[in-house]
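In: Next come a sequence and a model predicted from it.
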There are 2 protein chains.
Amino acid sequence: MIDTAAVAQYVRARRTDVEAALATLLPLPPDCPAVVADAMRYSVTAPGKRLRPVLCLASAEAVGGTTAAALSAACAIELIHTYSLVHDDLPAMDDDSMRRGRPTLHVVAGEGMAILAGDGLLTEAFHVLSAIDGDPSRVLRAIRLIAAAAGPNGMVGGQAIDLACVTPDPQGRTAPPLDGAGLAAMHARKTGMLIRASAAAGALLGGGTDAHVAAIDAAAAEFGLAFQIVDDILDVEGDPAQLGKSTGKDAAAGKPTYPALYGVDQSRSMADACIARAADTLNAAGMTDTWLLGIGRWIVDRHN
Amino acid sequence: MIDTAAVAQYVRARRTDVEAALATLLPLPPDCPAVVADAMRYSVTAPGKRLRPVLCLASAEAVGGTTAAALSAACAIELIHTYSLVHDDLPAMDDDSMRRGRPTLHVVAGEGMAILAGDGLLTEAFHVLSAIDGDPSRVLRAIRLIAAAAGPNGMVGGQAIDLACVTPDPQGRTAPPLDGAGLAAMHARKTGMLIRASAAAGALLGGGTDAHVAAIDAAAAEFGLAFQIVDDILDVEGDPAQLGKSTGKDAAAGKPTYPALYGVDQSRSMADACIARAADTLNAAGMTDTWLLGIGRWIVDRHN
């Protein structure tokens, strides 16, 4: 039985740790020109769930490590996630004007500066990762899996598939709409791989065995799928004020979504099934006493 | 006395090595969605000078290492350089339609895909770096200096300063024009730091001592300044067909340039002085038998 109040308290505490660390590691003038330092900070400090960094820290703890061992990686992953939001919101991509309850960065700083701030966040993430004080081989493995998850075979590739389906290229061509399998594959890249890498990197830097890292990676894959299903449901049913962004955009853009393909009720059942499978995986690896499953439940029950 | 024919042959041979390695390491379907794999390949395979990777390889050799030890880093740096060109050419930035003799990526693939391909190139660079088979501590140091050079305190910051001077933000504000010192500081970030990191990373991965890495870094700083001065001269005097891009854009945009501030003749003398200082630095560190100085001369004498 999951104590949801205790999970909520755990998540809040870890989020606070991450936000304090983020505030200290973001670049500042005079080393960094103020115009781009301000733009980066604007997006990173907007209130967010901090799901990925919290999952990273909880994974380090799940294998018996400290959160300190994974804190820099957790922050780096949040920088990568934030850059992806900044670029996805650009007029040439999803063209969103609100994010995390604030005007998007390109609205306040201009498109060029938003592109640069995103580039800066992505690059700074690897700068932070390369400075982690730990076993150099494990640090390199963590960098490798985060880069693979965020790159063209992962998040960037998923976003490219998504874009190609809705935005005509200069020759006027659009990719055919995705079916259920294509939708799942697209989301596995676009959101799933970085969520998995967050957990796996935390377990790796926490000193986990290969078996523990693999089990946590598999559980996080289920969390990632559940996250996306719930995201799609919230785009239909959610409250824009609580979400901090507009809703109904996916349907309006003709994007395939889980509720559109399966209906809301079946989509909810699919998300629940993900968490059940994650529980089985963690149990089988002997990791019963962790916050991870509670975080999975929080992903499904969230309202923003 | 520099044998310019031998230098040209050396540069061609190393360029061939780099281009062969780049072709094999770029992501391919089915791991990478074709739409973004094609976009990345389009930009990377366009004919380029490959100055940064050649400098990286020559620096590894200058400290007695092999080019094999630095080849992955050389390729990663060219991926970073290419991403920076793709993003700089976007309509929201420099708005260029020709690059390396081809239509720019956003012209052929659309703005959104060009942003994503740039993001993919940047992320893939760190994926390549993290997989280098070498002393893990040296690999991490190389990643750290490349990330620092490419990030908000370096290349991205330089581009942000440049952008802020010529493109009004959404509130209609433009930064005041740069004076000579501001111009030098902007270019030190925008092009200088990655050129320095190319050389320093090569020396580091080639097994160089800290003293050798420092001397090569200092010499490369001079090369970077010379490179920028000559770039500005070519924008005034160069042949667009040979350059593969339009000329006169900086002057038309009211951007400060070396010829505008100092005249063409004095600018040429300044570039020559850079190479002379680099020679002194390398000589003082006992590195007289290297290709590095020839590469510096090639930077100044080039026509594209």
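Out: Right, received. Where do you want to start?

In: so where's chain A shaky on pLDDT?
Out: For chain A, the stretches with pLDDT under 70 are A:251-254.

In: rerun that using 80 as the cut-off
Out: A:1, A:238-256, A:289 (pLDDT under 80).

In: Now for it: which helix has the highest residue count?
Out: helix A:210-237 (DSSP state H).

In: For chain A, which segments count as strands?
Out: A:98-99, A:102-103 (DSSP state E).

In: For chain B, find the nearest of those.
Out: strand A:102-103 (9.5 Å; C-beta to the nearest C-beta). Glycine gets a C-beta too; all of them are placed from N, C-alpha and C.

In: distance of A:Thr225 from chain B?
Out: In this structure residue A:225 is Leu, not Thr. 19 Å (C-beta to the nearest C-beta, to the nearest Å).

In: Same question for A:Leu25.
Out: 12 Å.

In: My read is that that residue contacts A:Ala131, right?
Out: No. Using C-beta atoms under 8 Å, A:Leu25 is not in contact with A:Ala131, being 9.2 Å away.

In: anything in contact with each of those two?
Out: Jointly contacting A:Leu25 and A:Ala131 under the rule C-beta atoms under 8 Å, 6 or more residues apart in numbering or on different chains are A:Ser72.

In: returning to that earlier point: most packed of the strands of chain A?
Out: Highest mean neighbour count of those: strand A:98-99, a mean of 19 (counted as mean count of other C-beta atoms under 10 Å in any protein chain shown).

In: right, is that strand up against chain B?
Out: No. Residues of strand A:98-99 contacting chain B under C-beta under 8 Å from any C-beta of the partner chain: none, with a closest distance of 15.1 Å.

In: before we move on, what about stretch A:34-47?
Out: Yes. On the criterion C-beta under 8 Å from any C-beta, stretch A:34-47 is in touch with chain B at A:Val35, A:Val36, A:Ala37, A:Ala39, A:Met40.

In: and which of these is nearest to chain B?
Out: A:Val36 (3.9 Å).

In: Identify the residues contacting the closest one.
Out: A:Met113, A:Leu116, A:Ala117, A:Gly120, B:Pro152, B:Val156, B:Gly157, B:Ala160.

In: And for the nearest residue to it once chain neighbours are set aside, the neighbour number?
Out: Take A:Val36 and drop its neighbours on the chain: the residue closest to it by C-beta to C-beta, 6 or more residues apart in numbering or on different chains is B:Ala160, 3.9 Å away. By other C-beta atoms under 10 Å in any protein chain shown, 30 other residues sit near B:Ala160.

In: what's the spacing between B:Ala160 and B:Phe227?
Out: For B:Ala160, the distance to B:Phe227 equals 20 Å [C-beta to C-beta, to the nearest Å].

In: Kindly report the same for A:Ala271.
Out: 54 Å.

In: residues contacting the residue nearest to A:Leu163 when sequence neighbours are not counted?
Out: Closest residue to A:Leu163 apart from its sequence neighbours, by C-beta to C-beta, 6+ apart: B:Gly112 at 4.9 Å. Listed by C-beta under 8 Å, 6+ apart, the contact partners of B:Gly112 are A:Leu90, A:Ala92, A:Met93, A:Leu163, A:Thr167.

In: repeat that for 10 Å
Out: Counting by C-beta atoms under 10 Å, 6 or more residues apart in numbering or on different chains, B:Gly112 makes contact with A:87-88, A:90-95, A:159-160, A:162-164, A:166-167, A:169, B:106.

In: Quick one: buried ones out of those?
Out: Neighbour-count burial (16 or more other C-beta atoms under 10 Å in any protein chain shown) applied to the contacts of B:Gly112 gives A:87-88, A:90-94, A:159-160, A:162-164, A:166-167, A:169, B:106.

In: Convert stretch A:46-66 to PDB, retaining C-alpha atoms only.
Out: Coordinates of each C-alpha in stretch A:46-66 appear next as PDB, following Å, rounded to 0.1, in the frame of the first residue of the first chain:
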ATOM      1  CA  ALA A  46       9.600  28.400 -13.800                       C
ATOM      2  CA  PRO A  47       7.700  26.100 -11.500                       C
ATOM      3  CA  GLY A  48       7.900  22.500 -12.700                       C
ATOM      4  CA  LYS A  49       7.200  19.000 -11.500                       C
ATOM      5  CA  ARG A  50      10.900  18.100 -11.600                       C
ATOM      6  CA  LEU A  51       9.800  14.500 -12.300                       C
ATOM      7  CA  ARG A  52      13.100  13.500 -14.000                       C
ATOM      8  CA  PRO A  53      15.500  14.800 -11.300                       C
ATOM      9  CA  VAL A  54      13.400  13.500  -8.500                       C
ATOM     10  CA  LEU A  55      13.300  10.100 -10.200                       C
ATOM     11  CA  CYS A  56      17.100  10.300 -10.600                       C
ATOM     12  CA  LEU A  57      17.600  11.000  -6.900                       C
ATOM     13  CA  ALA A  58      15.100   8.300  -5.800                       C
ATOM     14  CA  SER A  59      16.900   5.800  -8.000                       C
ATOM     15  CA  ALA A  60      20.200   6.600  -6.400                       C
ATOM     16  CA  GLU A  61      18.600   6.000  -3.000                       C
ATOM     17  CA  ALA A  62      16.900   2.800  -4.200                       C
ATOM     18  CA  VAL A  63      20.300   1.100  -4.800                       C
ATOM     19  CA  GLY A  64      21.700   2.300  -1.400                       C
ATOM     20  CA  GLY A  65      23.400   5.400  -2.700                       C
ATOM     21  CA  THR A  66      23.100   9.000  -1.500                       C
END
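
In: mind checking how far that stretch is from the chain centre?
Out: On the basis of C-alpha atoms, centre = their mean, to the nearest Å, stretch A:46-66 sits 11 Å off its chain's mean C-alpha point.

In: For that stretch, buried residues please.
Out: Buried positions in stretch A:46-66, judged by neighbour count with 16+ other C-beta under 10 Å: A:46, A:48-63, A:65.

In: Now do the contacts for the residue located most distally from the centre of chain A.
Out: In chain A, the residue that sits farthest from the middle, by C-alpha atoms, centre = their mean, is A:Gln171; the gap is 32.5 Å. By C-beta under 10 Å, 6+ apart, the contact list for A:Gln171 reads B:Val108, B:Ala109, B:Gly110.

In: isn't A:Ser97 right up against A:Pro103?
Out: Yes. The pair A:Ser97 / A:Pro103 is scored as a contact, 6.3 Å apart, by C-beta atoms under 10 Å.

In: Report the set of residues contacting both of those two.
Out: A:Asp89.

In: just to revisit the earlier point, mind checking which of the residues of stretch A:34-47 next to chain B are in helices?
Out: Short answer: those in helices (DSSP H) are A:Val35, A:Val36, A:Ala37, A:Ala39, A:Met40.

In: Tabulate these in TSV, adding columns for distance to B:Ile275.
Out: Output for those, formatted as TSV (distance: C-beta to C-beta, whole Å):
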residue	distance to B:Ile275
A:Val35	33
A:Val36	32
A:Ala37	34
A:Ala39	37
A:Met40	36
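
In: Can I have the buried ones of these as a PyMOL selection?
Out: To isolate the buried ones among those in PyMOL, judged by 16+ other C-beta under 10 Å, type:
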select buried, chain A and resi 35+36+37+39+40
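
In: who are the neighbours in contact with the nearest residue in space to A:Ala131 that is not next to it in sequence?
Out: Spatially, and ignoring its direct neighbours in sequence, A:Ala131 is nearest to B:Arg144 (6.0 Å; C-beta to C-beta, 6+ apart). With contacts defined as C-beta under 10 Å, 6+ apart, B:Arg144 is in contact with A:Phe126, A:His127, A:Val128, A:Leu129, A:Ser130, A:Ala131, B:Ala197, B:Ala201.

In: separation between B:Arg144 and A:His87?
Out: For B:Arg144 relative to A:His87 (C-beta to C-beta), the value is 24 Å.

In: do A:Gly248 as well
Out: Taking C-beta to C-beta, one finds A:Gly248 at 22 Å from A:His87.
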